[in-house]
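A.B. asks: Quick one, what's the 3D model for this:
(chains A and B)
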Amino acid sequence: MATGFLTDTTVCIGCKACEVACKQWNQLPADGYEFTGDSYDNTKQLSGTTWRHVAFVENPKKKRLTGDVDLVALAEDVKEQLPGGAELDALGRWTFMSDVCKHCVEAPCQQACPTGAIIRNEFDNVFIQPDVCNGCGYCVPACPYGVITSVPHDGRAFKCTLCYDRQKEDLEPACAKACPTDSIMFGEVEELQRIADERVERLHAKGYTEAYLYGTPEVGGTGGIGGNHSKFILLDEPETYNLPAHPFLPQDKVGGAAVTSAVAAAALGALLAYAFRD
Amino acid sequence: MSGLGITYGRGGATNTLDDLQNSDCILFEGSNMAEAHPVGFRHPMLAKEQRGAKLIHVDPRFTRTSAMCDIYAPIRPGTDIAFLGGLINYVLENERYFEEYVVNYTNASTLVSEDYSDLDASGIFVGYDPETGEYDQNAWRYEGMPVTPAVGGSEGAITSEAFSEMVGEYRDEGSFPHDETLQHPRSVFQILRRHFARYTPEVVEQVTGCPKEALLEVAETICDNSGREKTTALCYSVGWTQHSKGAQVIRAAAILQLLLGNIGRPGGGIMALRGHATIQGSTDIATLYNVLPGYVAMPDANKTHDTWEDYVATEAAHTGWWANFRAYATAIMKAWYGESATHENGYLFEHFPRLNGDHSYYPTIMEMKDGVVKGCFVFGQNFAVGGPHARMARDGLRNLDFLVVLDAYPIETAEAWKSDGADPAECGTEVFFMPSALVAEKDGTFTQTQRLVQWHDRSVEPPDDARSDAWFVYHLGRRLKELHRGSGDSRDALINAMTWDYTTEGEREEPDLEDVLREINGYHVETGEPLEDFLDIQEDGSTACGAWIYSGVFAHGVNQARRRKTGEYPHTEWGWAWPGNRRILYNRASADPDGKPWSEEKKLVWWDEEQGKWVGYDIPDFQATKDPTYRPDLEARGLDALPGNGPFIINADGKGWLFAPAGLKDGPLPAHYEPLESPVRNLLHDQQYDPMVRTYQRPDNPYNAPEDPNYPYVITTYRLTEHHTTGAMSRWIPWLNELQPESFCEISPVLAGEKGIENREWVTISTSRGKIHTRALVTDRIPVYEFEDRKLHTVGLPYHYGPNGPSDLAKADIANDLMPVSLEANVSIHEAKAFTCNLERGRL
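C.D. replies: Now for the predicted structure:
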């Protein structure tokens, strides 16, 4: 039996209860107190100490207010006005997306792990055994979603365990338990797939024809990863939520990279031979 | 919540949170429910998902609630009455009201006396006395109602939160003239129509800044989803109350829901979303200074309350539920003073304290600062951050002789003696800081938004010296009794008489709170048997009851609040709701005048002819065996004086009040006024702001004049999901701090562009009270409003932050230092949702 998550962004209210419940259950430290100015997102991304992260995307169709945006130019950019004077773009959308480890079917992190620390447990979840991990960090760049990082002062890599300890006690993961709108659902992967298909269909019927399920090989492709056990219902392109549209296994690039390297080496060799001729 | 109390009879939310699942449409206004009540918001989301309900948000800011709604209508802060007036006008002019409901269940057909005339351009209702600066409400009375002398009472006496006190008497002289065709020019219906005629979509657009297309879309959507087959619910919170005309905003909503026939029915109603856990409970039992538990009027030195008999005779009504005032008041005295309180000694009333002025929060803070109030106990509050004009509150705290603060963390209220650059050596306040238990560490009850009482058991013992608030109060009372034992002084009589025999448990001698709940429920004095409900309460002192509205919470000796059974809607075995475990108030209105459900889909309670009683899913909020055709004769008293087709059983005529012939100090109908501080003039009336708003003219509380060019922007304050009120419980939690770590204000890109402010930059916000430094969050979610060719800017300002907290957390200035103290006329609430300021780039 494989278990996973289904995260429906269309009913997420952005309360971040999942982030807090995850940190509390797993006793993860806060990552520091930084006011980012990026909407209501002050924890920025998934990491070895943030296993659920809620992204806040204001007006997904418009450029985002981050960093060094020229605000004067932007203010002039907001021109479309409704009769009463309110700005049309201010009436746009604000979307929330609770990100988490995708628990890939063919997990690149597991394939990159030289010590065997990353395993599939009895729930078919991708699990890093903390007592085996030696902190080599190979899994970090292997993950196409940027889920794993090494934790400073510890060195080992951590990520969502799908609350392995809770599952063993027949409890759902802390984030799903805390979610007030059931935006995060936990269950058997096949059952979640069925629910997801139904929900997407219902969204289409309601007029949200852009709704789709992210994390299945059928939609957009998941490279050689074979799909995700934690999937997402989205209304925008994956990139809007900092998700790769076409994730891939790092080793799939090895062939090309090897050829490139060989060509480069040959070229350099030829260059050297030419330079040191005579 | 007197806006609801005056219209329907009780100030409580009419429906339950889970009942929102049955709504066909939900209008959120004055509430940011998704952020402030995220757990409760699951119910609107279920309605949206499962029923396809339409969700609408009307708000000055685009929030997480707006993001979940089908329609978002932006309105300039402080213009809710204009928007709601536009909806009411739409309903009346397009004849979209539920006619049968309106004719039978509201006072639409009642005639108003000739003394009343329509509100004109001046914006002052008839009855205004320029000398006293108050209205004589006799000018608004029904035709045939006698002119009554003023009730009197201490200055600033506020209108009761939960029960309209003044509605009891009006039937005495016979029934009032009616016109059921609703055509008579002095009928409430025609008055209403003329009153709201000025709120045309065009005018509403000019005043609120909301595009009229949005207004009309909202109007059509709520009308399409109201009537026999469908119901629309309305959710509000402090976004409506915290205005200089807060009660009238809620009145406007209450009128709208009556016209649409949405009260007393599944999926309808008005949800008054309370600000924190058990705020409803603390007003029920009874942190308000002017009421005893169960909204029994507090004795007042400026009323005819000289003796016990005077007191009960003055306060008891002839009709409706307050006819039993004597029984409820007697039962409180028996609960508190036991055998010592007897009929012969007037229940010790001669020793009982009386009101002699306005002792509400704000005047008390000023009296602390002025040296009148010498000591203060603070439980579960952090008003050094949370109160309006918080600087004044801290000045007051520094001027006390003694201060006792019970809290889990060293909050600003406990540390005013060393804040604002004060020299601790100069501060004479003796401060006692007592570590307190948090909620999971103690037993007790919450009474939530929907009047639902839920018991909670502690899961762990509090650490170290931390104790529950109940422990502190119990042992303080016990020691006081020991201290005064044997004292013959009259002033000690009540302490000596006080029953204080709660059992204690464990090594720490925590009082058993079920004992307290048993006393609140009430018991037969002779046998100690618990009361079954408030009908058991007697006038003769043979029963004791701490709060009559809670009677039944310990029926059969079982803690009913502890029940956790889910089952069929409306889940009457989950916890216990007052009154009498009724979940939907006024649910008689879910059936037509003959007692039949309006529709199969929306049935709730109905008249069963064979059994001769009201039956259904909910417990009827009506006399169980009163036939729908029953009509009282003039001799009838108490509940017998109410007709079988009058669902609003607290109101003396059993009707919902579209027009309030008495009870509200600032008018029988809502009218749009600008906030006390506004950058623009009132387009609808000459009167700029609510003429009854109470202001305090003192040097430390200046106001920004209307249209003052030095203060061109409007602040609206609010909370974020990630923190709790003043941060007293959340600013010490790293997991919450990392989510919203610093104080900030939200401004539009247009204002940022005008001022050259970049995202994350420091800004200075100033009012005539003070200034703060904070960071700017520049966002499209703050709309810019156009008003007579001007752009009006809003500054959104969360108020959670302050200087205290973990050492690695950024220190913040206190947002509420900016706010003035001004009080709404009926319920003495401040105006946090719209006041003016200036904003400049940098830390000035």
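A.B. asks: quick check, stretch B:771-779 touching chain A?
C.D. replies: Yes. Stretch B:771-779 lies within reach of chain A by Cβ under 8 Å from any Cβ of the partner chain, at B:Arg775, B:Leu777, B:Val778, B:Thr779. Heads up, the C-betas are built off the backbone N, CA and C, glycines and all.
A.B. asks: swap in stretch B:438-448?
C.D. replies: No. Looking at stretch B:438-448 against chain A by Cβ under 8 Å from any Cβ, there are no contacts, and the closest approach is 12.5 Å.
A.B. asks: So for that stretch, mean pLDDT?
C.D. replies: Across stretch B:438-448, pLDDT averages out at 94.
A.B. asks: contact partners of that stretch?
C.D. replies: With contacts defined as Cβ atoms under 8 Å, 6 or more residues apart in numbering or on different chains, stretch B:438-448 is touched by B:17, B:274, B:277-278, B:280-281, B:284, B:408, B:453-463, B:466, B:468-470, B:510, B:513-514, B:517, B:561, B:578, B:729.
A.B. asks: before we move on, the earlier item: of the residues of stretch B:771-779 next to chain A, which is the most crowded?
C.D. replies: When the residues of stretch B:771-779 next to chain A are compared by neighbour count (other Cβ atoms under 10 Å in any protein chain shown), B:Val778 ends up highest, at 26 neighbours.
A.B. asks: Helices of the stretch 101-250 of chain B, residue ranges please.
C.D. replies: According to DSSP state H, counting those that start in this stretch, the stretch 101-250 of chain B carries its helices in the segments B:188-196, B:201-208, B:212-224, B:238-241, B:246-259.
A.B. asks: Let's verify the closest residue to chain A within the stretch 351-500 of chain B: helix, strand, or coil?
C.D. replies: In the stretch 351-500 of chain B, the residue found nearest to chain A is B:Ala440; the distance is 12.5 Å by Cβ to the nearest Cβ. The local conformation at B:Ala440, judged by DSSP: H, G, I helix; E, B strand; the rest coil, is helix.
A.B. asks: quick one on the thing from earlier: redo the helices of the stretch 101-250 of chain B as a markdown table? Include distance to chain A, mean pLDDT and mean neighbour count.
C.D. replies: Putting these into a markdown table (distance: least, Cβ to the nearest Cβ, whole Å; pLDDT from 0 to 100; neighbours: other Cβ atoms under 10 Å in any protein chain shown) gives the following:
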| stretch | distance to chain A | mean pLDDT | mean neighbour count |
| --- | --- | --- | --- |
| helix B:188-196 | 20 | 98 | 22 |
| helix B:201-208 | 5 | 97 | 22 |
| helix B:212-224 | 7 | 95 | 20 |
| helix B:238-241 | 17 | 95 | 25 |
| helix B:246-259 | 20 | 98 | 28 |
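A.B. asks: thinking B:Ile285 is in contact with B:Ile520, fair?
C.D. replies: Yes. In this structure, B:Ile285 is within contact of B:Ile520 by Cβ atoms under 8 Å, at 6.7 Å.
A.B. asks: Give the intersection of the neighbour lists for these two.
C.D. replies: Once Cβ under 8 Å, 6+ apart is applied, the residues that B:Ile285 and B:Ile520 both contact turn out to be B:Pro293, B:Gly546, B:Ala547, B:Tyr550.
A.B. asks: so which of these would you say is closest to B:Arg391?
C.D. replies: B:Pro293 (33.9 Å; Cβ to Cβ).
A.B. asks: Could you tell me which residues make contact with the closest residue in space to the closest one that isn't next to it in sequence?
C.D. replies: The spatially closest residue to B:Pro293, leaving aside those adjacent along the chain, is B:Ala547, at 3.7 Å (Cβ to Cβ, 6 or more residues apart in numbering or on different chains). With contacts taken as Cβ under 8 Å, 6+ apart, B:Ala547 has the following neighbours: B:Asp284, B:Ile285, B:Ala286, B:Pro293, B:Gly294, B:Ile332, B:Ile520.
A.B. asks: Count the neighbours of the second one for me.
C.D. replies: In this case it means B:Ile285. Applying other Cβ under 10 Å, we find 22 other residues in the vicinity of B:Ile285.
A.B. asks: do the same with the first one
C.D. replies: Counted with other Cβ under 10 Å, the neighbours of B:Asp284 add up to 25.
A.B. asks: which stretch of helix or strand covers B:Leu27?
C.D. replies: With elements taken from DSSP states H and E, the one containing B:Leu27 is strand B:25-29.
A.B. asks: wait, does that strand contact chain A?
C.D. replies: No. Contact check for strand B:25-29 against chain A, using Cβ under 8 Å from any Cβ: none in range, with a minimum separation of 12.4 Å.
A.B. asks: Mind listing residues that contact that strand?
C.D. replies: For strand B:25-29, the external contacting residues (Cβ under 8 Å, 6+ apart) are B:20, B:44, B:47, B:53-59, B:65, B:69, B:80, B:83-84, B:218, B:221-222, B:224-226, B:230, B:232-236, B:239-240, B:253.
A.B. asks: Would you confirm that B:Leu839 belongs to a helix?
C.D. replies: No. B:Leu839 sits outside any helix when classified using three-state DSSP, being strand.
A.B. asks: what's the closest non-adjacent residue to it?
C.D. replies: Counting by Cβ to Cβ, 6+ apart, the nearest residue to B:Leu839 once its immediate chain neighbours are dropped is B:Ile765, at 5.2 Å.
A.B. asks: the strands in the stretch 51-200 of chain A, which residues?
C.D. replies: Under the criterion DSSP state E, counting those that start in this stretch, the stretch 51-200 of chain A contains strands at A:52-58, A:94-100, A:118-120, A:126-128, A:149-150, A:157-158, A:184-188.
A.B. asks: and the second one with strand A:184-188, angle?
C.D. replies: Between the axes of strand A:94-100 and strand A:184-188, defined by axes from the mean of the first three to the mean of the last three Cα atoms, to 10 degrees, the angle is 40 degrees.
A.B. asks: and which of the residues of stretch B:771-779 next to chain A is nearest to B:Arg198?
C.D. replies: Using Cβ to Cβ, the shortest approach to B:Arg198 within the residues of stretch B:771-779 next to chain A belongs to B:Thr779, at 34.5 Å.
A.B. asks: Roughly how far does the closest one sit from B:Thr79?
C.D. replies: Computed as Cβ to Cβ, to the nearest Å, the B:Thr779 to B:Thr79 distance reads 21 Å.
A.B. asks: Contacts only, for the closest residue to chain A within the stretch 501-650 of chain B.
C.D. replies: Ranking the residues of the stretch 501-650 of chain B by distance to chain A (Cβ to the nearest Cβ) places B:Thr566 first, at 16.2 Å. By Cβ under 8 Å, 6+ apart, the contact list for B:Thr566 reads B:Trp574.
A.B. asks: Which helix or which strand is home to it?
C.D. replies: Following DSSP H and E, one finds B:Thr566 outside all helices and strands.
A.B. asks: all helices for the stretch 1-150 of chain A, in order.
C.D. replies: A:17-26, A:71-77, A:108-112, A:139-142.
A.B. asks: which stretch in the ones you listed is the model least sure about?
C.D. replies: Mean pLDDT per stretch puts helix A:71-77 lowest among the helices of the stretch 1-150 of chain A, at a mean of 43.
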